[in-house]
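[1] fold the following, please.
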Amino acid sequence: MENDKLALRASNAGMRFIAQMTIFNSEHAERLRQFISESYHDNMLAAQSVEVRLADFQALLAANGKLKVKQVVGTDKHRAVVIMETQHTDAFYYVELQVEEDYPHKIIHYLHAPLKLVEEE
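    Sure, this is the predicted structure:
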């Protein structure tokens with residue numbers, strides 16, 4: 001787990017991911033709204049508004065509770081792929097986050113999807 005934290009901290013995308021999830025888990029909607037408006041690229045906000053993104057995050061929190069990193073699948077300077085586990089359910093989520101290369105490294109891609117585990121027969 002410590003290696004996962006180090007991998008995220010060494011990545012611009014990982015640092016954005018850590019910031020977003022810290023705010024998400026704090027359950028502070030106004031701060032999350034501010035983070036989304038300041039940290040997502042204009043193209044991302046044109047495709048899905050701050051309010052819609054915030055509502056999606058709030059619904060995710062209400063249904064599952066806080067999220068924590070189960071495993072970092074991979075990172076590089078501008079991308080992070082992470083498996084998240086939930087506080088109140090046995091669900092897992094697959095998360096991809098990519099930031100632009102230039103500072104301030106705004107988020108240019110974000111995917112958060114349920115991870116379907118194959119049941120043994």
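[2] show me where this protein has strands.
    67-75, 79-86, 92-99, 107-114 (DSSP state E).
[3] now do the buried residues in the lowest-mean-pLDDT helix or strand in the chain.
    Between all helices and strands in the chain, the lowest mean by mean pLDDT, DSSP states H and E belongs to helix 2-9, at a mean of 86. Neighbour-count burial for helix 2-9 flags 4, 7-8 (criterion: 16 or more other C-beta atoms under 10 Å). The C-beta positions use only the backbone N, C-alpha and C, and glycine is treated the same way.
[4] now the residues you listed in a markdown table, with distance to Gln87?
    Converted to a markdown table, these look like this (distance: C-beta to C-beta, whole Å):
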| residue | distance to Gln87 |
| --- | --- |
| Asp4 | 18 |
| Ala7 | 23 |
| Leu8 | 19 |
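[5] got the CA positions of the least confident helix or strand of the chain in CSV?
    The C-alpha trace of helix 2-9 is given here as CSV (Å, rounded to 0.1, in the frame of the first residue of the first chain):
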residue,chain,number,x,y,z
GLU,A,2,2.9,2.4,0.7
ASN,A,3,4.2,1.8,-2.8
ASP,A,4,0.8,2.8,-4.2
LYS,A,5,0.9,6.0,-2.2
LEU,A,6,4.4,6.8,-3.5
ALA,A,7,3.4,6.0,-7.1
LEU,A,8,0.4,8.4,-6.8
ARG,A,9,2.5,11.2,-5.2
